[in-house]
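**Q** no sequence for this one, just the structure:
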């Protein structure tokens, strides 16, 4: 059923990459980020993440730079 698509975001609010897999949508529903950001930051800090902790802007920029070497936007 397509009702779950009503609230789906297309871009990760953390790294600004396109949400492209089922894992991304799961991470978005549970952690408000893509699966990559979940693995990088949220998984090891689940409680802190859900309480509002986010990586610094510099950490995010460095991660995006690293991702750009691997993935095309």
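**A** Arrived safely, thanks for sending. Because the structure is a prediction, the values reported are computed rather than measured. Numbers count the residues shown, from 1 in each chain.

**Q** contacts, neighbours, all on C-alpha from now
**A** Noted.

**Q** Point me to the helix or strand that includes the nearest residue to residue 42 once chain neighbours are set aside.
**A** Nearest non-adjacent residue to residue 42, counting by CA to CA, 6 or more residues apart in numbering: residue 49, 5.7 Å away. In the assignment (DSSP states H and E), residue 49 maps to helix 46-50.

**Q** per-residue confidence averaged over that helix?
**A** Regarding helix 46-50, the rounded mean pLDDT is 96.

**Q** what does the helix or strand following that helix contact?
**A** Of the helices and strands lying after helix 46-50 in sequence (DSSP H and E), the nearest is helix 57-70. For helix 57-70, the surrounding residues in contact (CA atoms under 8 Å, 6 or more residues apart in numbering) are 14, 15.

**Q** Out of the helices and strands in this protein, which is least certain?
**A** In the chain, no helix or strand scores lower on mean pLDDT, DSSP states H and E than helix 57-70, which sits at a mean of 90.

**Q** buried stuff in it?
**A** In terms of neighbour count (16 or more other CA atoms under 10 Å), helix 57-70 has its buried residues at 60, 64.

**Q** Likewise for stretch 13-21?
**A** 14, 15, 17, 19.

**Q** Pull up the per-residue confidence for the first one.
**A** Right, residue 14. Listed pLDDT for residue 14 reads 95.

**Q** What are the buried residues along stretch 27-41?
**A** Within stretch 27-41, the residues scored as buried using 16+ other CA under 10 Å are 27, 28, 31, 32, 33, 34, 35, 36, 37, 38, 41.

**Q** Which two of these have the greatest separation?
**A** 28 and 41 (13.4 Å; CA to CA).

**Q** hmm, back to that, I'd like the buried residues of stretch 13-21 laid out as TSV, including distance to residue 58 and secondary structure.
**A** Output for the buried residues of stretch 13-21, formatted as TSV (distance: CA to CA, whole Å; DSSP: H, G, I helix; E, B strand; the rest coil):
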residue	distance to residue 58	secondary structure
14	12	coil
15	12	coil
17	17	coil
19	22	coil
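
**Q** Lovely, talk soon.
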